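>>> Generate a structure from the sequence data that follows.
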Amino acid sequence: MVHVSDGDSLVVSLDGEDERVRLIGVNTPESDECFGSEATAILAGLVSDRQVAVVTDIEPLDQYGRILAYVYLDDVLINAEIVRRGAALARAYAPNVTLQDTLDAAEQQAQSSQSGLWSPTACGSGAVYAGAIVIVDVNADAPGRDDENLNGETLTIENQSADPIDLEGWTIKDESSVHRYAFGSITIGPGQSIVLFTGCGTDTTSTLYWCAATPVWDNAGDTAFLLEPSGAIVDLFEY
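Residues are numbered from 1 along each chain as shown. Below is the predicted model:
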């Protein structure tokens, strides 16, 4: 082992050469995000200065030339272990999905035990809003071609509390974390719903527009996350 780059990537010595490795089937927060530094520390604590086995799947390299791998420390699958500890999300990246069921099961364990980033107090005041604002629906499959009907994709949130909540600085993201929407200056009233359209349009108090260049929500399945400004997970919607 040479060193850990972040929560889901590392550099290993293979045949005397340093090789960059990206863990298959997981996604950890970036270093400046909620639980990002903790995720890096957890991975480093597991594998730094240890001898590990690197096992590829169908596609051995990503577009950056990194090895895509399942990493084992003795008989422990590190990919699953960091998910189980709440340091990473399970995320399927086809075609490398041979062990995805194992990773998905590890995520269920982390959620049930509120480990790591799933803890309501992991990153600030998320516990204050738990159950107050929820994602009630994601319409991922737009009529026709998704890329030609971006506003056919929608996400709906609802304030189920008795108080208005200022959403400025809150974000919506998908499983990959590539797609992120940041709320501007808007307040959601008690019992009010807000529909977020993927395409462009004119915002109102009840309809917002992401104005994304491409579809956001994966028709085959995805997870929408609602984060308050500290990065704490307030709610998620899996489909």
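>>> Buried ones in stretch 97-117, by neighbour count?
Neighbour-count burial for stretch 97-117 flags L99, Q100, T102, L103, D104, A106, E107, A110, S115, G116, L117 (criterion: 16 or more other CB atoms under 10 Å). Any C-beta I mention is one placed from the backbone N, CA and C, and that applies to glycine too.
>>> Could you find the lowest-pLDDT member of these?
Minimum pLDDT for the buried residues of stretch 97-117 is recorded at L117 (88).
>>> Relative to D235, how far out is the residue nearest to that residue when sequence neighbours are not counted?
In this structure, L117 finds its nearest non-sequential neighbour in F35, 4.1 Å apart by CB to CB, 6 or more residues apart in numbering. Distance of F35 to D235, computed by CB to CB, to the nearest Å: 17 Å.
>>> Next: A182.
Taking CB to CB as the measure, A182 falls 17 Å from D235.
>>> quick one, which of those two is more surrounded?
When neighbours are counted by other CB atoms under 10 Å, A182 and D235 differ, and D235 comes out ahead with 20 against 14.
>>> The more buried one touches V138, doesn't it?
No: D235 lies out of contact with V138 (CB atoms under 8 Å); the separation is 11.7 Å.
>>> mind listing what the residue nearest to the spatial centre of the chain touches?
Nearest to the geometric centre of the chain sits E175, at 3.8 Å (CA atoms, centre = their mean). Contacts here follow CB atoms under 8 Å, 6 or more residues apart in numbering; on that basis E175 touches N27, L89, R91, D218, D222, T223.
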